[in-house]
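In: just the structure for this:
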Amino acid sequence: MNVDYSLYLVTDRDVLQGRNLLDAVAEGIEGGVTLVQLREKGVSSREFYRLALQVKRLVHARGVPLVINDRLDIALAVDADGLHIGQEDLPAPVARKILGPGKLLGLSVSDVQEAVQGEKEGADYLGAGAVFPTASKDVPVPPIGPAGLQMVKDAVSIPVVGIGGIGPANIDQVKETGVDGAAVISAIFGAHHIQDAARKLSEAWKRP
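Out: Numbering: from 1, shown residues only. Below is the predicted model of the structure:
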């Protein structure tokens, strides 16, 4: 699967402060989002399933892949393009076996050791971070910084996406590490004008 990881939107309805999720995702894509990860915490499986179907229809109509966060069952049920898991979720080899070879498998990592192991175990791409301080993580971890991000990128041959505290002021530092993209939550969903915020980030990433 040929995937553009450059502007990777991770959803979080809390950051939207009551705004409609589907509208926000659509605005993000109009602004340049290239990949969407649906992340839902504290909702029923039925609600997650219903929402995932709606988001899949929306993003596929715009030519953008959908990855489901954590929930392998939901990813399979809606036939999403992939699954993103963390270090505390199902082991990557198990997730890969159930998911099948034709789907994306992403893995969150915070250091070189986890990155190398993830690549060995079948991950298609890595989400590395947190790069900068962020309030979006459930468990605070010391930021790895651009230097740590570059170490992860240099240690593996699969795509790497930086995540954590990335916004207009520091996306250039992320790009300079040579990674394949920037994963963003608040810098897009927390913006007053979502499409404009996504466009600025997309343009910054594309600058030579």
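
In: just give me the longest helix of this structure.
Out: For the chain, the longest helix by residue count, based on DSSP state H, is helix 45-61.

In: neighbouring contacts of that one?
Out: 11, 21-22, 25-26, 29, 36, 38, 40, 43, 65-66, 68, 71, 73-74, 77-80 (Cβ atoms under 8 Å, 6 or more residues apart in numbering). Any C-beta I mention is one placed from the backbone N, CA and C, and that applies to glycine too.

In: which residues of this protein fall in helices?
Out: So, for the chain - with DSSP H - the helices run 13-16, 21-31, 45-61, 72-77, 92-99, 112-120, 145-155, 171-175, 186-189, 194-206.

In: buried ones in the third one, by neighbour count?
Out: Neighbour-count burial for helix 45-61 flags 48-49, 51-52, 55-56, 58-59 (criterion: 16 or more other Cβ atoms under 10 Å).

In: angle of that helix against helix 21-31?
Out: 30 degrees (axes from the mean of the first three to the mean of the last three Cα atoms, to 10 degrees).

In: ok now helix 45-61, how far from the chain's centre?
Out: Distance, stretch centre to chain centre, for helix 45-61: 16 Å (Cα atoms, centre = their mean, to the nearest Å).

In: again with the fifth one
Out: In this view, helix 92-99 has its centroid 19 Å away from the chain centroid, taken as Cα atoms, centre = their mean.

In: in that helix, what counts as buried?
Out: 92, 95-96, 99.

In: repeat for the second one
Out: By neighbour count on 16+ other Cβ under 10 Å, the buried set for helix 21-31 is 21, 24-29, 31.

In: tell me what that helix is packed against?
Out: Judged by 3 or more Cβ pairs under 8 Å, 6 or more residues apart in numbering; DSSP states H and E, helix 21-31 is in contact with strand 35-38, helix 45-61, helix 186-189, helix 194-206.

In: now do the buried residues in stretch 192-202.
Out: By 16+ other Cβ under 10 Å, the buried positions in stretch 192-202 come out as 194-195, 197-202.
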